[in-house]
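Student: Okay, sequence plus prediction incoming.
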Amino acid sequence: MIVSVGLLVIVAVTTTDAGYVPYNLGKINVAVYKPVNQSSTIWDSDPSFVVDRNTQTCSYAHEAHNWWYVDLEADYPVGEINVLGCCDSHKRGYNISVNIGLSLDNLTEVAFWPGPIGKTEQTINFPNTKTRYVKIVSKKYYGSIDLCDVKVMAYIEHISYYKPTNQSSQYGGYASYKGVDQLDYPVFYSGGCFQTLKAETNWWYVDLEAIYPVWQIQVINRDDSFADRAKNITVMMGDSLDTLTQQAYWAGPLGVYTHVTFPDAIPARYVKLVQRANDYFHLCEVRVLTNRVITLVDGSKTWYGE
């Protein structure tokens, strides 16, 4: 069994045919496409496979003192971590410790299990804790770590989900609402991306329907040979479409995942992305997050905004 700070729950993973894990509404997986590292790699694996949302791609570390970690690139109120191993048949991954913290030099263990890690997702729950780094360590000297998926779930408000949207033009069926439909796979033909026609200037915006303190904006780009179209993008925000001001600029071309954080939070109702690239404009998801204090299901408050 897993010994954790909170309730231990072991659940089976549901995947689509492509191997992607469906999005968990109400919580946000803040580890997706974030910077990662591990102690060693073999078999042409890569530590980024663990956060690519594809459970069929895995990373393997088989040297002494093995570890893997993800840098969330900001402090999030994390209360749940899900770990999926590689194979039931090989039975690798013993004496596994899961650690969190605000720096790699000051981590706290929140779970430990003797292992092995198998192809059943292990869910670790614990009180919401400010977290930037999640590190998984094998305490067995020559203990291997084989990981296919790690989800770090943060309880923050996703305020752009299915809100009204618009864009400068539309290519085929790739409408503006697809930027906030929660289908954030970086595969254009999955049907979850918006795209405009080719033009010198294109734009897309979302109406949050109220003024929120915007703390972070995350975008998911398509991951194929046309990904480099997403460039020269200005991020604008304001209370009305007539009073928008520039808050960020991405020269690009954008990778699969890009974000901008506003530590003091900027009050805004509209978030508009303007592309000046004389090209098509497409993204697969735009997440607008707020850091105001929210009430969780158990009645407790997050520390955000306090």
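Tutor: Everything's here; your move.
Student: can you list the domains in this structure?
Tutor: According to automatic domain parsing, the chain is divided into the following domains: 3-155, 158-290.
Student: which stretch in those is the model least sure about?
Tutor: Among these, domain 3-155 carries the lowest mean pLDDT, a mean of 76.
Student: Distance of residue 46 relative to residue 68?
Tutor: 11 Å (CB to CB, to the nearest Å). Using the backbone N, CA and C atoms, a C-beta is placed for each residue, glycine as well.
Student: about what we covered before: would you list the domains of the chain in CSV and tack on mean neighbour count?
Tutor: Listed next are these as CSV, based on neighbours: other CB atoms under 10 Å:
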stretch, mean neighbour count
domain 3-155, 18
domain 158-290, 18
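Student: Overlap of the contact sets of residue 46 and residue 68?
Tutor: Taking CB atoms under 8 Å, 6 or more residues apart in numbering as the criterion, residue 46 and residue 68 both touch residue 59.
Student: Spit out the contact partners of residue 246.
Tutor: Residue 246 touches 234, 235, 236, counting by CB under 8 Å, 6+ apart.
Student: er, residue 176 actually
Tutor: Residue 176 makes contact with 165, 166, 167, 170, 194, 204, according to CB under 8 Å, 6+ apart.
Student: Just those residues: which are in strands?
Tutor: Counting by DSSP state E, these place 165, 166, 167, 194, 204 in strands.
Student: I'd assumed residue 168 was in contact with the last one.
Tutor: Yes. Counting by CB atoms under 8 Å, residue 168 is a contact partner of residue 204 at 7.4 Å.
Student: Please enumerate the shared neighbours of those two.
Tutor: 196, 281.
Student: just to revisit the earlier point, just the closest of the contacts of residue 246 to residue 270, please.
Tutor: residue 236 (7.9 Å; CB to CB).
Student: So that closest one versus residue 144, what's the distance?
Tutor: 48 Å.
Student: next one: residue 179
Tutor: For residue 179 relative to residue 144 (CB to CB), the value is 40 Å.
Student: Just put the contacts of residue 176 in JSON lines and tack on distance to residue 108.
Tutor: Conversion of the contacts of residue 176 to JSON lines gives the following (distance: CB to CB, whole Å):
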{"residue": "165", "distance to residue 108": "40"}
{"residue": "166", "distance to residue 108": "45"}
{"residue": "167", "distance to residue 108": "44"}
{"residue": "170", "distance to residue 108": "49"}
{"residue": "194", "distance to residue 108": "41"}
{"residue": "204", "distance to residue 108": "41"}
